[in-house]
Each structure stands twice: as C-alpha cells, then as structure tokens.
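Peer 1: whatever this is, show me its structure:
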Amino acid sequence: MLANRMPAVLLASHDPALLACVEPVLTASSVKPHLVLSAEAAVSVLTGPTPPDLSLLDVELPGMEDGRLLSQVRSCVGGHRLPIVLLADEPTPEWMNRLAEGTLDDLIPRSTTMPHWRLRLGAALRTFHRMRQLELLRESAALSAQTDVLTGVYNRATLLSMLFRETDRVQRMKTPLCLMLLDLDDFGHWNMRLGTEVCDDLLCQTVERMLRLLRTYDLLGRAGKDEFLVVLPGCDRISAVMLAERLRQDAFSTPFHAAGQSIRLSACFGIASSEGRSPVVVLREAEQALQQAKETGPESIQFCGIASQTLAGPVAFLSPSSGDELLAW
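Peer 2: Numbering: from 1, shown residues only. This is a model prediction of the structure:
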C-alpha cells in the first residue's frame, strides 16, 4: 500500500542526461527509485515478485523494441495492474493508440523540465494509488460474497457452485468424490445456555480444528447455523468414513474453551459418494445420511444408509485426569 510505505518507481533509461534530471525529482518526492539501463533489466524488475508501483520507460531504451517490451510485460503480469509511463519526445500515433487502449498509462516528453517532472510524477502516483484502492475494494467485495461472514469458510451458494465444477472433473477423469455433511450435536442447547456470542466463538474454533485435518484441496463450507459441508475430491467411500472418524476423534475429543469454560462438543456425519451424478442428488443423499446419523445418536457416522458403530457416551473417551471442568449434559 502506498500509504504505508515508500512508493517504488522504476526508471529505465540509458540516457545520462535524462537520468540526471529525473532521479533527483524522484528522491525529493519521497520515492524509492530503481534505475536500470536496458530493456532486459526492466522486464526482470517488472515481472519480478515485487513489481514497482510506477514504471518510467524511455522510448530509446536499448535492447528491445518498445512494443515488444510492453507486450511481454503485460503478458507476464497477467491481470495485475502495472502502471507504465512512456518517456518519448514525439507522441506518435502508435503510442497514442496504446494510451487509448490502456497498454500505457501516460506519455511524458523526455524534454520535460525539472519543475514539471515533480507535477507529472505526483499525478501519476496519486492516480495509481486511487486505482489500487479501488481494486482492493473490489477484491474484498468479491471475497465477502463467497465466504461466510462468521467463520471465513465458503458459504453454501459458493460451495455448491464449486461442487458442480468438481463433478464435471469427476465425469471427465473418472475419479472418486465424496460429500460429507456434519452437524454439531444439540448445538441449540449450547446456544440457549451460553449465548450467541460464545457459540459463535465455538463455531470458529470448530472450523479451525477441521481445517487442520483437511487436505489443502478439500473444500469446506458452512451449510447452516451449525452444519458444515465438506467436498472431498479424489476421496472414495472408505477414505471418507476414515476422515469422519478422524474428525470425530481429533477435532471433537478435546474440550473447547470459550468464555472461561471447557465445553464438550460432538457431531454427527452423513456421507455420500458422487460417482459423477448430479450434485443435487448426491447432496440429498448426504442430507438423508446425516438425518439417519442424528436419529442413531450423537457422534454417529452414516454413509448412504450404512451406519458405522456409534461411540459410547459423549465424554466417555476423555481422560478423567484432564483437569478440565467440562460443561456436559
């Protein structure tokens, strides 16, 4: 962000007179100048991991024809906004066209006097700063539209959209895919007993624990108040049930801590296999499996009507010497 650090400006020119004129202006403007003397060096900087906030390219820069330089830079940075100002004595029709189409952001005559350099560079930096702020706002709005406000995982609509994409891949590649729905047992009880704020904290802790156990390419979303949907690419029935067992043991066996209290949570799991079928059908099967698991009892796991063995009481496998005063009922 330009507001938080010194802006970096690339000055690419082989003309000693131009460098001598522009560099002092950049330094006096609280700008960090980066000088290069060839087109090859300019491309290396522009396409590097930390590109400059503004680039000044001399039209007489040796080593590469200017049109090729601009095309190469634009293709390498992809969709990132990289402001480029061309220094040219004669604004030819070609450069004016590039300016109109957005390949260039500005044209400054190489013969510009020193007082005008400060004005032109200041205007270019302010324009870039406003554009960057607008891009960040757009990215933030797009992210907010895709994620659950409380937990930060995908919301239901976004996850279902991604599920259709994953199903297309299953149909093409003939690979396995499973859906897992999990619902926190009796969460309404905790909501009435502890209040909304504490339970919101518990939901966030639940997500953190689940994410530690999921693979980087698994998709996790919040499907309801206390219900989560996990899309498991490349995961067959056996692996999905094993993952549910691991979540049941590793994510929920340790007490949660909120509002100075130790709280025992558990969950039921419903799993369904895609087999390339419509996501709507598979999701319905997962919902049916989850409902059957909830009817079986807390901490049950069910795969399309085939239930696994249920555990004993909800706190039976907790160590009696844990030292936690658990809220259990």
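Peer 1: helices of the stretch 1-150 of the chain, start to end?
Peer 2: 16-28, 39-46, 66-77, 93-101, 114-146 (DSSP state H, counting those that start in this stretch).
Peer 1: which of those comes out lowest on mean pLDDT?
Peer 2: Of all the helices of the stretch 1-150 of the chain, the minimum mean pLDDT falls on helix 66-77 (a mean of 62).
Peer 1: for this protein, where's the lowest mean pLDDT among helices and strands?
Peer 2: When the helices and strands of the chain are scored by mean pLDDT, DSSP states H and E, strand 306-307 comes last with a mean of 46.
Peer 1: what about residue 28, neighbour count?
Peer 2: 11 (other CB atoms under 10 Å). All C-beta atoms are positioned from the backbone trio N, CA, C, and that covers glycine.
Peer 1: show me the contacts for it.
Peer 2: residue 118 (CB atoms under 8 Å, 6 or more residues apart in numbering).
Peer 1: now residue 151, what's its secondary structure?
Peer 2: Three-state call for residue 151 (DSSP: H, G, I helix; E, B strand; the rest coil): coil.
Peer 1: quick check on it: phi, psi?
Peer 2: With angles defined as degrees, to the nearest 10, residue 151 sits at phi -100, psi -20.
Peer 1: that one contacts residue 202, correct?
Peer 2: No: applying CB atoms under 8 Å, one finds residue 151 not in contact with residue 202, separated by 10.7 Å.
Peer 1: could you chop this structure up by domain?
Peer 2: 8-143, 154-327 (automatic domain parsing).
Peer 1: hey, which of the ones you listed is tucked in deepest?
Peer 2: domain 154-327 (a mean of 17; mean count of other CB atoms under 10 Å).
Peer 1: and residue 197, how far is that from residue 191?
Peer 2: Distance from residue 197 to residue 191, counting by CB to CB, to the nearest Å: 10 Å.
Peer 1: looking at the domains of the chain, which one has the lowest mean pLDDT?
Peer 2: Comparing mean pLDDT across the domains of the chain, the weakest is domain 8-143, with a mean of 77.
Peer 1: let me see the contact set for the closest residue to residue 13 other than its chain neighbours.
Peer 2: Leaving aside its chain neighbours, residue 13 sits nearest to residue 58 (3.6 Å; criterion: CB to CB, 6 or more residues apart in numbering). Applying CB under 8 Å, 6+ apart, we find residue 58 in contact with 12-15, 18, 87, 110.
Peer 1: make JSON lines out of those and add distance to residue 277.
Peer 2: Below are these laid out as JSON lines (distance: CB to CB, whole Å):
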{"residue": "12", "distance to residue 277": "56"}
{"residue": "13", "distance to residue 277": "62"}
{"residue": "14", "distance to residue 277": "64"}
{"residue": "15", "distance to residue 277": "66"}
{"residue": "18", "distance to residue 277": "66"}
{"residue": "87", "distance to residue 277": "60"}
{"residue": "110", "distance to residue 277": "65"}
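Peer 1: closest one of those residues to residue 304?
Peer 2: Comparing these against residue 304 with CB to CB places residue 12 closest, at 62.7 Å.
Peer 1: my read is that the closest one contacts residue 60, right?
Peer 2: No: counting by CB under 8 Å, residue 12 stays clear of residue 60, with 10.4 Å between them.
Peer 1: find the nearest non-adjacent residue to residue 105, please.
Peer 2: residue 83 (4.5 Å).
Peer 1: the one you found is in contact with residue 56, isn't it?
Peer 2: No: Residue 83 lies out of contact with residue 56 (CB under 8 Å); the separation is 9.9 Å.
Peer 1: wouldn't residue 108 be in contact with residue 84 here?
Peer 2: No: counting by CB under 8 Å, residue 84 is not a contact partner of residue 108; they are 11.3 Å apart.
Peer 1: and residue 92, how far is that from residue 107?
Peer 2: Relative to residue 107, and taking CB to CB, residue 92 is found at 10 Å.
Peer 1: now do residue 30
Peer 2: 24 Å.
Peer 1: same question for residue 230.
Peer 2: On the measure of CB to CB, residue 230 and residue 107 end up 53 Å apart.
Peer 1: what sits against the residue lying closest to residue 14 once chain neighbours are set aside?
Peer 2: Sequence neighbours aside, residue 37 is the residue nearest to residue 14 in space, at 5.0 Å (criterion: CB to CB, 6+ apart). Contacts for residue 37 (CB under 8 Å, 6+ apart) come out as 12-14, 62.
Peer 1: now with 10 Å, please.
Peer 2: By CB atoms under 10 Å, 6 or more residues apart in numbering, residue 37 lies in contact with 11-16, 19, 58, 61-63.
Peer 1: same question for residue 171.
Peer 2: Taking CB under 10 Å, 6+ apart as the test, what residue 171 contacts is 177, 274-277.
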